[in-house]
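Asker: Below are the sequence and a predicted model; questions follow.
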Amino acid sequence: MLYHLRADAAAIARHFDCWAGNDPWPGGYVSPGQFAPVITAGREFIAGPGKGRGQHRMIPRIWGVPPPPNSDDPSRGILSVRNTQSPFWIGNLRNSEFRCLVPATSFMEWGKGRDASGKRIRLTVTCSDQELFAFAGVWKDSEIPTFALLTCQPNALLQAEGKQSMPVILPPDRAAHDLWLHGGWDAAQALIAPYPSGMMRKNRDIS
């Protein structure tokens, strides 16, 4: 999977009402191992009573979290979270400071089948109800600033293309964004659900 963020840092900051800082993002495609903007609640805020709430901020991080040392391929970053109960992820997910919004305008997957010449079909998927949306993400605190995307069961639109999962897309309202960035884990994990097929569009192109 790849995704596209057709908005620069200033436009993202306005849309998500966050501090852009010095992020130089000009807009473009995001592939694994590349820096891309993510939006966090700020490390000064941790979910719980008596805690203050800082301004959301946008920071560049690399897509792909370094795997555990016992991984078969320690050089290959983990792009997505499939099992939220995994010991590798659960500590970060339970602490809201490590959850983040990952802005995007579309994402690309390989579609089902091939054309008459045998070329693969590339899907470009967008949301009809929000031109600029947010994936649910999580980041890891290490020497390398990285993040991964949450995934869930696919909706009917992507099931029809043979997909077994899809990225979690958050609803287009501030309450959902705040819940992911600030809420307790029991409430926030309710957002891990397929985005409605009726709110998505797909284009099929030859690779």
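Answerer: Structure's in. What do you need?

Asker: pLDDT below threshold where in the chain?
Answerer: Within the chain, the stretches with pLDDT under 70 are 43-54, 206-207.

Asker: ok, which stretches of it are helices?
Answerer: In the chain, the helices defined using DSSP state H lie at 9-16, 87-94, 156-159, 174-182, 185-188.

Asker: TSV please, covering those and showing distance to Ala41.
Answerer: Glycine gets a C-beta too; all of them are placed from N, C-alpha and C. As requested, these are exported to TSV (distance: least, CB to CB, whole Å):
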stretch	distance to Ala41
helix 9-16	12
helix 87-94	13
helix 156-159	29
helix 174-182	4
helix 185-188	12
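
Asker: which residues pair with the spatially most central residue of the chain across the strands?
Answerer: Centroid-nearest residue in the chain: Phe135, 3.3 Å away (criterion: CA atoms, centre = their mean). Note on Phe135: beta-bridge partners Val102, Ile169, judged by DSSP bridges.

Asker: Asp205 now?
Answerer: Arg122.

Asker: That one contacts Val125, doesn't it?
Answerer: No - in this structure, Asp205 is not within contact of Val125 by CB atoms under 8 Å, at 11.8 Å.

Asker: more neighbours, the two?
Answerer: Ranked by neighbour count (other CB atoms under 10 Å), Asp205 and Val125 place Val125 first, with 24 against 13.

Asker: how far away is the closest residue to that one other than its chain neighbours from Ala160?
Answerer: Excluding the flanking residues, the one nearest Val125 by CB to CB, 6 or more residues apart in numbering is Lys202, at 5.0 Å. From Lys202 across to Ala160, the span is 9 Å (CB to CB, to the nearest Å).

Asker: pretty sure Arg82 contacts Ser165?
Answerer: Yes - if you go by CB under 8 Å, Arg82 and Ser165 touch, sitting 6.6 Å apart.

Asker: Next, count neighbours for Ile121.
Answerer: Ile121 - counted by other CB under 10 Å - has 16 other residues nearby.

Asker: now Leu2
Answerer: By other CB under 10 Å, the residues close to Leu2 number 15.

Asker: Same check on the one 4 residues further on?
Answerer: A count of nearby residues for Arg6, using other CB under 10 Å, gives 13.

Asker: My guess is it contacts Tyr29. True?
Answerer: No - contact criterion CB under 8 Å: Arg6 and Tyr29 do not qualify, at 9.2 Å.

Asker: So which residues of this structure form strands?
Answerer: Per DSSP state E, the chain carries strands over the ranges 2-5, 28-30, 35-40, 57-63, 80-81, 99-104, 106-114, 120-127, 133-140, 146-152, 166-167, 200-206.
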